[in-house]
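1. Starting from these lines, generate the structure:
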Amino acid sequence: MSPRAIALTSVALIGLFHDSRAGDGPAREVDRRVDQAIDIWSSDHHTVVSREAREKLVLDAHTAIGETRQQHPNFTANEVANVVPSAMAAFLTETQYNATAGTLPQLVQERLTGYGQVLPGLSEYPTLSVNVSPAAPPDFVVSINGTAYTAGSSVFRVRAGLTQVHVTRGTHSPCDRRITVTLTGPNVVACPL
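-> Numbering: from 1, shown residues only. Take a look at the predicted model:
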């Protein structure tokens, strides 16, 4: 098993997801585990998942759990929740370069049941590349729709639509660009600083 697979399996096993209606504990646990899976995937792929896309992915994870429980009532919520982190990583990997992939519920069900065909569908989170020149040193900061990301980050997963990109580097004049990010791309912004 690869280190990434071990890490995602560990994320899946952290805590138990209980079939409980009291409080938000189970929902928060799913949120935390999905967030950790996204963090691991982002680190492995040197790609930032924007706050907006991350929030949508967490909502999608809850939807996937609900749909899977309806279609496969013999599995507990805990069993379903345990496969969500690896399904999330697969979803992000399969859609990294704006390619087609199964939906998150399909990927969850495939992992849970060990069978089933994953049908193609477009990702809602296309890749946006910000090409800063010169690229070295990685001391530039990219902000997307007002959210600043880690210095040196240049590849992002964002929602399709009009996107405001702001890049700063030391004493250089900032680079401001607007791009309509599409599902099919290419979505590239050039910023000479």
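
2. Gly170: what's it in contact with?
-> If you count contacts by CB atoms under 8 Å, 6 or more residues apart in numbering, Gly170 has them with Asp139. (Glycine included, C-beta is placed from N, CA and C.)

3. Distance check, it against Ala87.
-> 41 Å (CB to CB, to the nearest Å).

4. Now do the strands in this protein.
-> Counting by DSSP state E, the chain has strands at residues 48-49, 100-101, 121-122, 127-133, 141-144, 147-148, 155-157, 161-168, 175-181, 188-192.

5. Now mean pLDDT, mean neighbour count and distance to Gln36 too, for the ones you listed, in JSON lines please.
-> Formatted as JSON lines, the strands of the chain follow (pLDDT from 0 to 100; neighbours: other CB atoms under 10 Å; distance: least, CB to CB, whole Å):
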{"stretch": "strand 48-49", "mean pLDDT": "91", "mean neighbour count": "22", "distance to Gln36": "12"}
{"stretch": "strand 100-101", "mean pLDDT": "68", "mean neighbour count": "16", "distance to Gln36": "21"}
{"stretch": "strand 121-122", "mean pLDDT": "36", "mean neighbour count": "14", "distance to Gln36": "25"}
{"stretch": "strand 127-133", "mean pLDDT": "92", "mean neighbour count": "19", "distance to Gln36": "22"}
{"stretch": "strand 141-144", "mean pLDDT": "94", "mean neighbour count": "21", "distance to Gln36": "22"}
{"stretch": "strand 147-148", "mean pLDDT": "91", "mean neighbour count": "12", "distance to Gln36": "20"}
{"stretch": "strand 155-157", "mean pLDDT": "88", "mean neighbour count": "23", "distance to Gln36": "16"}
{"stretch": "strand 161-168", "mean pLDDT": "95", "mean neighbour count": "17", "distance to Gln36": "26"}
{"stretch": "strand 175-181", "mean pLDDT": "95", "mean neighbour count": "14", "distance to Gln36": "26"}
{"stretch": "strand 188-192", "mean pLDDT": "94", "mean neighbour count": "15", "distance to Gln36": "29"}
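
6. Distance to Asp39 added to those, as JSON lines?
-> JSON lines is the format used below for the strands of the chain (distance: least, CB to CB, whole Å):
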{"stretch": "strand 48-49", "distance to Asp39": "9"}
{"stretch": "strand 100-101", "distance to Asp39": "20"}
{"stretch": "strand 121-122", "distance to Asp39": "24"}
{"stretch": "strand 127-133", "distance to Asp39": "18"}
{"stretch": "strand 141-144", "distance to Asp39": "18"}
{"stretch": "strand 147-148", "distance to Asp39": "16"}
{"stretch": "strand 155-157", "distance to Asp39": "13"}
{"stretch": "strand 161-168", "distance to Asp39": "22"}
{"stretch": "strand 175-181", "distance to Asp39": "22"}
{"stretch": "strand 188-192", "distance to Asp39": "24"}
